[in-house]
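A.B. asks: My questions are about this predicted structure, shown below with the sequence.
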Protein chains: 4
Amino acid sequence: MDQQPWEWPDEEWQRRVGQVRAGRSLKPATWPGGARSAVALSFDSDHDTNELRDGGISIGRLSWGQYGTRVGIPRILDILRREQIPASFFVPAVAAKLYPDEQRRVIAEGHEIGLHGWIHELNSVLPEAIERDLHLRAADALEAITGTRPVGMRTPSWDFSPATLKIQRELGLIYDSSLMADDDPYELVENGEPTGIVELPVEWIRDDAPYLNMNRFQALRPYTPPPAVLDIFIREFDRAHADGGLFLLTMHPHVITYRSRIFILEDLIRHIKEKAAGSGGGVWFATHEQIARHVAQGLEASL
Amino acid sequence: MDQQPWEWPDEEWQRRVGQVRAGRSLKPATWPGGARSAVALSFDSDHDTNELRDGGISIGRLSWGQYGTRVGIPRILDILRREQIPASFFVPAVAAKLYPDEQRRVIAEGHEIGLHGWIHELNSVLPEAIERDLHLRAADALEAITGTRPVGMRTPSWDFSPATLKIQRELGLIYDSSLMADDDPYELVENGEPTGIVELPVEWIRDDAPYLNMNRFQALRPYTPPPAVLDIFIREFDRAHADGGLFLLTMHPHVITYRSRIFILEDLIRHIKEKAAGSGGGVWFATHEQIARHVAQGLEASL
Amino acid sequence: MDQQPWEWPDEEWQRRVGQVRAGRSLKPATWPGGARSAVALSFDSDHDTNELRDGGISIGRLSWGQYGTRVGIPRILDILRREQIPASFFVPAVAAKLYPDEQRRVIAEGHEIGLHGWIHELNSVLPEAIERDLHLRAADALEAITGTRPVGMRTPSWDFSPATLKIQRELGLIYDSSLMADDDPYELVENGEPTGIVELPVEWIRDDAPYLNMNRFQALRPYTPPPAVLDIFIREFDRAHADGGLFLLTMHPHVITYRSRIFILEDLIRHIKEKAAGSGGGVWFATHEQIARHVAQGLEASL
Amino acid sequence: MDQQPWEWPDEEWQRRVGQVRAGRSLKPATWPGGARSAVALSFDSDHDTNELRDGGISIGRLSWGQYGTRVGIPRILDILRREQIPASFFVPAVAAKLYPDEQRRVIAEGHEIGLHGWIHELNSVLPEAIERDLHLRAADALEAITGTRPVGMRTPSWDFSPATLKIQRELGLIYDSSLMADDDPYELVENGEPTGIVELPVEWIRDDAPYLNMNRFQALRPYTPPPAVLDIFIREFDRAHADGGLFLLTMHPHVITYRSRIFILEDLIRHIKEKAAGSGGGVWFATHEQIARHVAQGLEASL
């Protein structure tokens, strides 16, 4: 395995590419209620776990994490309630254990909580057994706190290991939301075998962090003007609506909710509702679980 | 302690998170004079100390530091005097000793000077005894120069060590302004114990440096258009005003005062004053010390 | 060779500079059909090979590569067919072997496929014999799949080694498109000797990736607002048209085709066609091969 | 010298800061011809030397360097001739030796050529004797090519060593243009002693490269929209004009002259001329040497 990639026999790059692939498109012919497109808003409630995962040294970054639970989540939940929109929250187990009341409020207000690792660890650096143990314990922890067992996973940092899909199947999940092979939902294929697992694809383009994140000791800065971020999200939605597809957006309580940024979420929702009203074709706001269950009908239809 | 974070027992991440936490909100019911919101402008007068802290090798960066004292501070003080606005300046002791007349002018014109380390050192890499010694000597140096002992601290680079809060209490400070768990003031809690110390929270979003700083040998560049920086600051203020909260802004003499950037400060002040006049609810411009003393009434009220 | 560059005798930097140089300008007096300028659109169909070249570890980045073939290429080909524009696609052999039907569709629809390395390797780190072997095998692979042997090369990452030009001559190519010494085509000169090889110059300015690319574990983020990218491309075209020159643009299926970005390509084409119609001087849309064959007439004319 | 900066005795940081300081302001009471402000445009003609200085490995970056001489310089000289504006070109000796005709045209058209190192080396990593030898040989080389001995220096990468000022004095230069302690000209002070050397201060803000440069293997990208760069330069000029000061701008032939960027220079000149015509107070366009000789009258006046 010391071969350079350009020395690999064809079988080697075929094997690597084939581990996890996009299979059948699950873009549905119709969305519930005759809607023209679907909108799935998600929030990764990492809170303190990004800093804890890196060793938990920085008091400042831990305080930034606390902002997410203290200011960010309430601000988000208030908007969602006012707008009557369900959403999905992906929560590392350690964040859920730190803030169990937050999780219970999220569930009580009709939203979904999905798996997001134990402490926002990077799966691809872990042995399979440890990755499995962490996902299992995370599922148990979330269920113990909220009374509901998660049915979907977003891998932390979208870092999907060669073992992740196998573990998701063992956990009986119905969807993953960490991969990027399409704009619209598709079925995951593992080493050539269709799995029945729905992929609800993410993209860094449809994520607040790449544009707005800050890391003092890396060269990451919030260089993009916030109105330009809103413009990008609106363009993503507009084409999804025109295509009859899915607009899935990843946000973070510790990124999007600041006083100078929360307008991005508010104006985006206003734009979507105006578009939906104006075009005659409505929009279905749904949790990731609802999206996954709807598009999974395509799995059975084609069997 | 060679454990990976995902191997920690719960007590370990609980302990780390609990070292310094946001406690009671100190957002007041009312601001002095019936103002609807408060504005706290601050300037970190680092001057040559950023380069000295890194070893003092680069003549060019030392000249950049001199710009701060030679051009930046006078330009800022002239604006503040014209606009009749008090502000807070956080000054490393070495910068104060290099430019004592500057500090005396700052105090004479009614502004506050707060602690900002000895030579802009990173607290989190220092043993506690050295960190304590540097803060103590810095307080003595500032008092010797200005005749006034500082009552608040902004840690250099907002790098708050596990010992910083203890040292702040020993120094008898009334506030810190380095952490980020809320938009509005709160009480700091140390290992579960309320401290009576007021936190006036900062954010990289409300700082000129992330958008505009330059480091030749890192990948930091002033990529954000200056009008976009003004737009972000205006949005932060507008919501703070709507919320009846605090708008606290960190600036740097060697960043914000250039001929192409000083309009950001001027136009921001103009916007704030127009908003205050227009909405019927005024704005209280105050030093950090004044803000801290006002919101600290909330500590006693709730005891 | 342990000398520092400032210790080199003049012969050393002369030798290095002289390896590959821009010679005669091949900007033609006229373009076919009396067009005032020429437009050469190109797409580097890297797909999974960027990640494979780096070891093929990340499942997420492999899924991103699959987006290029699954969503990106069809979206591009649909636009080109609707607009009746021929283009050039540079395809690593491994990408072509993974997706042979895609290459056959590209050729069937009248476009060009050029060489782009074996697995998107960096030429400058390879021994000459290995670089030669990879280019030769890549040419054979592309020909086997499409029935057409490539006549031009774009080096992966525009990483042109001291041996690349020699290998291009051995392969009998008529053009390279990886270097940057002019806005308009020119002849490549090797150690003082004119080669007859046409250079169709690229520039990072006329590339979608610098503005919009993302790398989670580097500090690369899509900070530039997409409308600003369109503005840059339009400015490049407008002056090329005014100069009677060539506008050559490099894009990537996994960068430009997202729902929030594809308008860049669409609006750019609309702008070019409007300009062409409005100014009285038309525009020649052509493949790189067509451009190279046209400007190569300048080689003979001046002999 | 293994002391950490926070362990230094005061004498150590005083010594470091005092090596090279800004002394008396040389902002003149009036500019020639009664102009209200002065404009000094400069171009650093690095061409291939940035890549040669790094080892001269990349053929692609050498071709980029050739763009500077082949396309960039002629485009700049044409604009300057059309606009009747003199400017200063800072040229590494190796670039001058590679392209001697370019240097002779620059001088013949009334512009200035200043020192810019031997091969764009970093002065601060060189022993003093080597730095001196390179500057001396560079001065001889430029004089041999153009017939005129340079009277000013811009250090490559503005990397000014502790020995640079001493060498500049030995060379009999009248100005440096590499430091940043003011917006307007000042006298350089060496270890407390006024030197009579004029500093014409630069700033990264007034430089095209930070906003627009690209380095494939670093995280440097041209993220800033070109119109935003023009806006920054206009703001810098407007305040300089209002202040009666100097607007000094650093550009690079391999950065500013592309078809999508050259409008920045053209529109800036148009704006300056309109402003000068409109306000009643003219603008003096001058070379760095002319500026330095004019403001140096302030040195004598105050003796």
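C.D. replies: Arrived safely.
A.B. asks: Please, where are all the helices along chain A?
C.D. replies: Using DSSP state H, the helices of chain A run over residues A:10-18, A:49-53, A:59-67, A:73-83, A:93-98, A:100-108, A:128-146, A:164-170, A:209-212, A:226-243, A:253-256, A:262-279, A:288-295, A:297-301.
A.B. asks: tell me the angle the first one makes with helix C:59-67.
C.D. replies: Just to be clear, that refers to helix A:10-18. Angle, helix A:10-18 to helix C:59-67, by axes from the mean of the first three to the mean of the last three CA atoms, to 10 degrees: 100 degrees.
A.B. asks: Pull out the buried residues from helix A:10-18.
C.D. replies: A:13, A:16, A:17 (16 or more other CB atoms under 10 Å in any protein chain shown). Yep, even glycine has a C-beta here, placed from its N, CA and C like the rest.
A.B. asks: between those, which is nearest chain C?
C.D. replies: residue A:16 (3.9 Å; CB to the nearest CB).
A.B. asks: now the closest one: how far from residue B:214?
C.D. replies: Separation of residue A:16 from residue B:214 (CB to CB, to the nearest Å) stands at 41 Å.
A.B. asks: Kindly report the same for residue A:184.
C.D. replies: 42 Å.
A.B. asks: neighbour count winner among the two?
C.D. replies: residue A:184 (21 against 17; other CB atoms under 10 Å in any protein chain shown).
A.B. asks: What is the neighbour count of the residue lying closest to that one once chain neighbours are set aside?
C.D. replies: The shortest distance from residue A:184 to any non-neighbouring residue, by CB to CB, 6 or more residues apart in numbering or on different chains, is to residue A:27 (3.9 Å). Using other CB under 10 Å, residue A:27 has 18 neighbouring residues.
A.B. asks: ok, residue A:27 - contacts?
C.D. replies: Residue A:27 makes contact with A:184, A:185, A:244, A:245, A:246, A:295, A:298, according to CB atoms under 8 Å, 6 or more residues apart in numbering or on different chains.
A.B. asks: dump the residue contacts of residue A:136.
C.D. replies: When the contact criterion is CB under 8 Å, 6+ apart, the partners of residue A:136 are residue A:171.
A.B. asks: 10 Å instead?
C.D. replies: Residue A:136 is in contact with A:118, A:167, A:170, A:171, counting by CB atoms under 10 Å, 6 or more residues apart in numbering or on different chains.
A.B. asks: quick one: the second one and residue A:39, what's the gap?
C.D. replies: If I follow you right, that is residue A:167. Taking CB to CB, one finds residue A:167 at 29 Å from residue A:39.
A.B. asks: Quick check: closest non-adjacent residue to residue A:276.
C.D. replies: Using CB to CB, 6+ apart, the closest residue to residue A:276 is residue A:283 (4.0 Å).
A.B. asks: which residues does the one you found bridge with?
C.D. replies: residue A:37 (DSSP bridges).
A.B. asks: I'd say it and residue A:41 touch.
C.D. replies: No. Here residue A:283 does not reach residue A:41: they are 11.5 Å apart, not a contact under CB atoms under 10 Å.
A.B. asks: In terms of neighbours, single out the busier of the two.
C.D. replies: The neighbour comparison of residue A:283 against residue A:41 (other CB under 10 Å) goes to residue A:41, with 27 against 22.
A.B. asks: Name the nearest residue to that one, sequence neighbours excluded.
C.D. replies: For residue A:41, ignoring the flanking residues on the chain, the nearest one in space by CB to CB, 6+ apart is residue A:87 at 4.3 Å.
A.B. asks: do residue A:169 as well
C.D. replies: If the residues on either side of it in the chain are set aside, residue A:169 comes closest to residue A:195, at 6.2 Å by CB to CB, 6+ apart.
A.B. asks: need the contact list for the one you found.
C.D. replies: Per CB under 10 Å, 6+ apart, neighbours of residue A:195: A:20, A:23, A:165, A:166, A:168, A:169, A:176, A:187, A:188, A:189, A:299.
A.B. asks: and the gap between the residue of the stretch 201-303 of chain A found nearest chain D and chain C?
C.D. replies: Going by CB to the nearest CB, chain D is nearest to residue A:219 of the stretch 201-303 of chain A, at 5.5 Å. In this view, residue A:219 and chain C are 4 Å apart by CB to the nearest CB, to the nearest Å.
A.B. asks: same thing with residue A:173?
C.D. replies: Computed as CB to the nearest CB, the residue A:173 to chain C distance reads 16 Å.
A.B. asks: just residue A:299 next, same as before
C.D. replies: Relative to chain C, residue A:299 is positioned 18 Å away (CB to the nearest CB).
A.B. asks: Spell out which parts of the stretch 201-303 of chain A neighbour chain B.
C.D. replies: Residues of the stretch 201-303 of chain A found near chain B (CB under 10 Å from any CB of the partner chain) are A:212-228, A:254-255, A:257-263.
A.B. asks: what do you get if the cut-off is 8 Å, keeping everything else the same?
C.D. replies: Neighbours of chain B within the stretch 201-303 of chain A, by CB under 8 Å from any CB of the partner chain: A:214, A:216, A:219, A:221-227, A:258-263.
A.B. asks: What is the nearest of those to residue D:277?
C.D. replies: Minimum separation from residue D:277 among these (CB to CB) is found for residue A:225, which lies at 33.5 Å.
A.B. asks: right, and that closest one touches residue B:235 too?
C.D. replies: No. The pair residue A:225 / residue B:235 is not scored as a contact, 10.6 Å apart, by CB atoms under 8 Å.
A.B. asks: more crowded one of these two?
C.D. replies: Between residue A:225 and residue B:235, residue A:225 has the larger neighbour count (other CB under 10 Å), namely 22 against 19.
A.B. asks: Which residues of the stretch 1-150 of chain A lie near chain B?
C.D. replies: Within the stretch 1-150 of chain A, the residues that sit near chain B (CB under 8 Å from any CB) are A:48, A:52-60, A:62-67, A:70-71, A:94, A:97-98, A:118-119, A:121, A:126, A:130, A:134.
A.B. asks: Just the buried residues out of those, in PyMOL syntax.
C.D. replies: Filtering these down to the buried ones (16+ other CB under 10 Å) takes a single PyMOL command:
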select buried, chain A and resi 48+52+53+56+58+59+60+62+63+64+65+66+67+70+71+94+97+98+118+119+121+126+130+134
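A.B. asks: Fine by me, we can end here.
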